[in-house]
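Trainee: using only what follows, build the 3D model:
(chains A and B)
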Amino acid sequence: MNAPINEFHAMAKGHNVFFYYRGYVSQTMVEACAEALKLRLESANINYPTQRRLLSSFIEMGQNVVHYSADSLTAVDASENEVRFGVLTICREGEDGLFTLTCTNPVSQRIKDKLQGKLEVLATLSVDEIKSLYRKALRAEGEEDSKGGGIGLLTLARDSSNPIEFSFVESPDNSEHQMFTLSVTV
Amino acid sequence: MPNFYLPASKQTPEIDFKFDENHLSMKGESYPENAGAFYGRVMEELRAYLSGGSGRNIVVDVALRYFNSASTKLVFKFVEELDTAATNEGSIRLNWLFEEEDDMLREFGENLQEDFTSLDINLQETTY
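Mentor: Next up is the predicted model:
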């Protein structure tokens, strides 16, 4: 009776899935997951800089879903208690390897166009160039579409060991949406 | 003006502004859903305090173990506000505390030292 779920669990284990969530995400959920992840990283004696980067990237990604996913259970103009759809995954390359964090959520065509331009640039920059852009962005006024001052993506790129990776694919559920996926490595 | 205190929550730092002692402190983690709303109140208090006097020797402790990108921008603004006021005060000392292994927060503090030269910014390693 439980064959599919057992298969799913075995597959997750085989692919070194460290964390997986698919569904609606809220701030409370991000907070609770971050707390559980923190304890797990501490008990596994992961070095402090990696812990910080992993938790920071996880929170940025979770909050990106809460703020920007096009699939929302709450009013589109809400700024508190938002609940939106996304997938958050953490995989580890082997027992002692790097962690890859991925988030996926639907976005509108307009947001896709905006993100794509920014991410194409970010993916080609060196660490020093990212840090210099980050310092400039700290001084800049916030962008109209942004709920966080426009430095979320720069923060993710800064903390990633490899260049950030991203993709957009047609949403299977909504012809007006693209599924946006972003990956970083810590 | 009366002192200002907000207890820490999991997502917001403790704010302890002892205006009567010229000692301000922010301590904890910062990743609220709406950082603008949280820091709006904090900045209002700070601005009122800074515009309400001069020639003071002010000490500010910032011990933020973690802050998200939205909070980062507001923490930067907080320091910017202090820097602007510094010429009007006796001195403003900013103690920037970070976990000793936290290279990102150390670097953030070093960048603050470069950007805000009217402040006396002191980097301090700590253990949380």
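
Trainee: now the strands for the chain?
Mentor: I went with chain A, as the question did not name one. Assigned by DSSP state E, chain A shows strands spanning A:17-26, A:83-92, A:99-108, A:165-170, A:177-185.

Trainee: let me rephrase: I mean chain B.
Mentor: Going by DSSP E, chain B shows strands at B:4-6, B:14-18, B:23-30, B:57-67, B:91-99, B:120-126.

Trainee: got the contact list for the residue most central in space within chain A?
Mentor: Centroid check for chain A by C-alpha atoms, centre = their mean gives A:M61 as the closest residue, at 2.8 Å. Listed by C-beta atoms under 8 Å, 6 or more residues apart in numbering or on different chains, the contact set of A:M61 reads A:L88, A:L101, A:C103, A:L156, A:L182. For the C-beta atoms, the positions are set from N, CA and C on the backbone; glycine is no exception.

Trainee: just A:R158 next, same as before
Mentor: By C-beta under 8 Å, 6+ apart, the contact set of A:R158 is A:V127, A:I130, A:K131, A:Y134, B:M104.

Trainee: can I get the contacts of A:M61 in TSV with distance to A:E82?
Mentor: Converted to TSV, the contacts of A:M61 look like this (distance: C-beta to C-beta, whole Å):
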residue	distance to A:E82
A:L88	15
A:L101	21
A:C103	15
A:L156	20
A:L182	19
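
Trainee: tell me which of those is nearest to chain B?
Mentor: Nearest to chain B among the contacts of A:M61: A:L156, at 8.3 Å, using C-beta to the nearest C-beta.

Trainee: roughly how far apart are the closest one and A:S56?
Mentor: Taking C-beta to C-beta, to the nearest Å as the measure, A:L156 falls 8 Å from A:S56.

Trainee: who's more crowded, those two?
Mentor: The residue with more neighbours, out of A:L156 and A:S56 and counting by other C-beta atoms under 10 Å in any protein chain shown, is A:L156; that gives 25 against 22.

Trainee: surely that one is in contact with A:S183?
Mentor: No - judged on C-beta atoms under 8 Å, A:L156 makes no contact with A:S183 at a distance of 9.6 Å.

Trainee: hmm, back to that, buried ones only from the contacts of A:M61, please, as a PyMOL command.
Mentor: Of the contacts of A:M61, the buried ones go into a single PyMOL selection, burial set by 16 or more other C-beta atoms under 10 Å in any protein chain shown:
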select buried, chain A and resi 88+101+103+156+182
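
Trainee: quick one: contacts for the residue nearest the centre of chain B?
Mentor: In chain B, the residue lying closest to the centroid (C-alpha atoms, centre = their mean) is B:V62, at 4.7 Å. Applying C-beta under 8 Å, 6+ apart to B:V62 gives the contacts B:S25, B:M26, B:K27, B:V75, B:V79, B:L94, B:N95, B:W96, B:L97.
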